[in-house]
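> A predicted structure for the sequence below; I have some questions about it.
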Amino acid sequence: MDYLPVFLDVRNRECLLVGGGEVALRKARLLERAGARLMVVAENIDRPLQELLDHGHHHYRLGQFSSQDLQGVVLAIAATDDEAVNAAISRQAQALQIPVNAVDQPALCSLIFPALVDRSPVVVAISSSGSSPVLARKIKELVETQLPAATGTLAELLGSYRERVKQRLTAFPARLRFWEQVLDGTVPELVYSGQIETARHKLETLLDDAEAAKVEGEVYLVGAGPGDPDLLTIKALRLLQKADVVLYDRLVSTPILEKIRPDAERIHVGKERAAHLVPQDRINDMLVELARQGKRVLRLKGGDPFIFGRGGEEMASLIGEGIPFQVVPGITAASGCASYAGIPLTHRDHAHSVMFLTGHFKTEQEEPDWERLCVAKQTLVFYMGLMNLATICQRLITHGLSNDFPAALIQKGTTADQVVVAGSLKNLPGLVAASEVRAPTLLIVGEVVRLREQLNWYQPPGQVGAGDSPRQ
Ligand SMILES: C[S@@+](CC[C@H](N)C(=O)[O-])C[C@H]1O[C@@H](n2cnc3c(N)ncnc32)[C@H](O)[C@@H]1O
């Protein structure tokens with residue numbers, strides 16, 4: 001983030017506006033809407049701005065900007081058409097730690113104004129951090145169409161109940177549930193259609209019911225997909241906004257964690273290979289304990305909870321303890337990585353079946369039945385196979401696949417760090433050793449890997465235009 005988004009209280013506080021023309025007028029109107037007292041300094045003040053100043057509790061001075069004008073103001077706006085003057089205002093304001101905006105001169109600003117959707121007291125502020133004001137305006141149009149005109153009235157109604165709800169529902173989870181019930185129910189539509197008294201009555205009834213109800217906890221076992229946040233399911237996204245506490249794994253990417261409700265508690269129970277942060281039994285117990293406290297607990301796992309995700313064990317424990325739960329599937333690494341690497345897992349001409357396997361084995365007894373794997377027209381996908389890559393490739397050759405049988409290793413598939421190392425069973429381990437590939441990685445073995453030469457489509461952001469990489 002380039003700027004910290006904040007809402008500043010300027011009611012009855014003095015703001016300096018230097019300039020007397022059209023640009024200054026727009027800023028003056030905005031500041032006045034926010035209740036600021038204006039101090040305008042300009043050599044000439046156009047009539048509309050003069051009228052605004054005459055009708056409010058504002059001041060002005062005709063003349064040139066001087067450093068004295070910055071005394072006691074909470075922010076400064078340079079809105080003259082003289083770049084040197086704007087630069088001087090910016091320099092002096094910043095020296096005094098006063099936030100300053102120079103209209104259309106981002107380099108001179110310590111503060112920028114967002115595009116606004118105003119349904120006061122609800123205000124949506126949109127900014128592209130100065131990179132594209134037109135894009136910000138387009139997004140504003142989008143939000144405008146989504147927010148009913150009476151959104152502000154709804155906020156005022158809810159605000160008028162806030163204290164009373166706090167007194168009657170003393171536990172935070174109970175209050176949260178109550179407000180969600182109100183907003184998911186009929187109250188908003190009643191307000192939007194002007195039936196405020198009926199909405200008030202409905203609110204009262206819901207509050208009586210909420211006081212009598214017992215708050216029950218529940219668990220959501222949610223798949224977070226392979227990394228790209230846009231691959232989250234709609235249901236996962238909705239529950240991430242709903243959960244009171246989120247227990248997440250190491251493989252869950254940062255952009256996905258950013259989708260968690262900001263005030264929800266986050267617990268990292270992640271698993272490093274060979275270094276489990278929290279043992280599985282303890283995770284099972286935590287899910288039960290937190291749900292018994294009346295919390296909505298979200299267990300967030302990389303990929304899909306039921307594919308090498310131990311979701312079944314957690315579910316069995318919840319059933320045993322009588323905790324209500326639901327499971328939300330996610331896109332598993334095999335689907336995500338294969339799609340983003342341009343490798344279809346099945347194909348009418350090249351693969352009629354696909355097997356998902358773990359490549360994590362320590363002894364020969366734990367190894368898969370290699371004979372069964374080495375059959376025609378079958379794709380093999382190995383999860384957790386990086387450590388045993390050389391062994392896997394060698395075993396497949398020993399059991400019948402050719403040296404030049406196609407294989408690819410995909411690092412951090414679907415993310416900006418995706419790297420695909422493609423080769424053959426014979427040369428892949430060497431290619432991988434020579435590159436700086438890091439876990440998590442997925443190994444795909446099959447004729448379908450060759451199709452990548454034609455179907456490769458995904459260019460990770462940041463790697464676009466990097467030219468042909470030998471590893472691609
Ligand atoms: C414990 S398994 C969890 C699998 C997960 N439940 C799923 O459905 O994808 C972890 C393994 O998944 C694979 N994996 C997960 N995300 C990946 C990604 N973005 N790119 C490559 N491999 C990934 C790696 O093989 C990693 O070692």
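That came in fine, so what should we check first?

> Relative to residue 62, how far out is the residue in the stretch 1-150 of the chain that the ligand sits nearest to?
Going by Cβ to the nearest ligand atom, the ligand is nearest to residue 1 of the stretch 1-150 of the chain, at 24.6 Å. For the C-beta atoms, the positions are set from N, CA and C on the backbone; glycine is no exception. Applying Cβ to Cβ, to the nearest Å, the value for residue 1 to residue 62 is 40 Å.

> So between those two, which is more surrounded?
Between residue 1 and residue 62, counted using other Cβ atoms under 10 Å, the more crowded position is residue 62 (11 against 6).

> quick one, what contacts the more buried one?
Counting by Cβ atoms under 8 Å, 6 or more residues apart in numbering, residue 62 makes contact with 42, 43, 44, 45.

> For residue 66, report the pLDDT, please.
Predicted confidence (pLDDT) for residue 66: 96.

> What is the burial count for it?
Neighbour count for residue 66, taken as other Cβ under 10 Å: 11.

> on that earlier part again, out of the contacts of residue 62, which is nearest to residue 139?
The shortest approach to residue 139 among the contacts of residue 62 belongs to residue 42, at 32.9 Å (Cβ to Cβ).

> For residue 351, see how far away the residue nearest to residue 380 when sequence neighbours are not counted is.
Taking Cβ to Cβ, 6 or more residues apart in numbering, and ignoring the residues beside it in sequence, residue 380 has residue 445 as its nearest neighbour in space, at 4.3 Å. According to Cβ to Cβ, residue 445 stands 10 Å off from residue 351.

> And for residue 459?
Distance of residue 459 to residue 351, computed by Cβ to Cβ: 25 Å.

> who has more neighbours, those two?
Neighbours per residue (other Cβ under 10 Å) separate residue 459 from residue 351, with residue 351 holding more: 21 against 12.

> Can you tell me the closest non-neighbouring residue to that one?
The nearest residue in space to residue 351 (Cβ to Cβ, 6+ apart) is residue 379, at 4.4 Å.

> doesn't the one you found fall inside a helix?
No. Read with DSSP: H, G, I helix; E, B strand; the rest coil, residue 379 is strand and lies in no helix.

> This structure against the ligand: which residues are in contact?
Within the chain, the residues that sit near the ligand (Cβ under 6 Å from any ligand atom) are 226-227, 251, 301-304, 307-309, 332-333, 337, 383-384, 410, 412-414, 439-442.

> Just the buried subset of the residues you listed, please.
226-227, 251, 301-304, 307-309, 332-333, 337, 383-384, 410, 412-414, 440-442 (16 or more other Cβ atoms under 10 Å).

> one step back: how confident was the prediction at the residue nearest to residue 351?
Residue 379 is given a pLDDT of 98.

> does it really touch residue 356, like I thought?
No. Counting by Cβ atoms under 8 Å, residue 379 stays clear of residue 356, with 9.7 Å between them.

> And the two? Which one has more around it.
Higher neighbour count among residue 379 and residue 356: residue 379, with 24 against 17, using other Cβ under 10 Å.

> show me the contacts for that one.
Residue 379 touches 345, 346, 351, 353, 354, 355, 444, 445, 446, 447, 448, counting by Cβ under 8 Å, 6+ apart.

> Can you report how many residues lie near residue 235?
13.

> Mind listing the residues bridging to residue 101?
residue 77 (DSSP bridges).

> Report the contact partners of it.
Counting by Cβ under 8 Å, 6+ apart, residue 101 makes contact with 27, 75, 76, 77, 78, 109, 110, 111, 112, 113.

> now residue 174
210, 213, 215, 294.

> Got the confidence number for the residue of the stretch 201-350 of the chain found nearest the ligand?
Closest contact between the stretch 201-350 of the chain and the ligand, by Cβ to the nearest ligand atom, is at residue 303 (1.9 Å). Residue 303 carries a pLDDT score of 97 in this model.

> Need the three-state assignment for residue 407.
Per three-state DSSP, residue 407 ends up strand.

> For it, give me the pLDDT.
98.

> Validate this expectation: residue 410 resides in a strand.
Yes. Under three-state DSSP, residue 410 sits within a strand.

> That one against residue 337, yeah?
Yes. Shown here, residue 410 and residue 337 form a contact pair, counting by Cβ under 8 Å, at 4.3 Å.

> what touches both of the two?
Common neighbours of residue 410 and residue 337, using Cβ under 8 Å, 6+ apart, are 418, 442, 444.

> List the ones among those that fall in strands.
442, 444 (DSSP state E).

> Any chance of the shared contacts of residue 410 and residue 337 in a markdown table with pLDDT as columns?
Shown next, in a markdown table, are the shared contacts of residue 410 and residue 337 (pLDDT from 0 to 100):
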| residue | pLDDT |
| --- | --- |
| 418 | 97 |
| 442 | 98 |
| 444 | 98 |
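
> what's the closest of the shared contacts of residue 410 and residue 337 to the ligand?
Looking across the shared contacts of residue 410 and residue 337 and measuring by Cβ to the nearest ligand atom, the closest to the ligand is residue 442, at 3.8 Å.

> Local confidence estimate at the nearest residue to residue 151 once chain neighbours are set aside?
The shortest distance from residue 151 to any non-neighbouring residue, by Cβ to Cβ, 6+ apart, is to residue 119 (4.0 Å). We have a pLDDT of 95 for residue 119.

> And residue 119, its phi and psi?
Dihedral angles of residue 119 (phi, psi; degrees, to the nearest 10) stand at phi -120, psi 50.

> For it, list each beta-bridge partner.
residue 122.

> That one - how many residues pack around it?
Residue 119: 19 neighbours (other Cβ under 10 Å).

> again with the one 4 residues further on
Residue neighbour count, defined by other Cβ under 10 Å, stands at 14 for residue 123.

> Let me know the distance separating the residue lying closest to it once chain neighbours are set aside from residue 270.
Sequence neighbours aside, residue 116 is the residue nearest to residue 123 in space, at 6.2 Å (criterion: Cβ to Cβ, 6+ apart). The spacing between residue 116 and residue 270, counted by Cβ to Cβ, is 40 Å.
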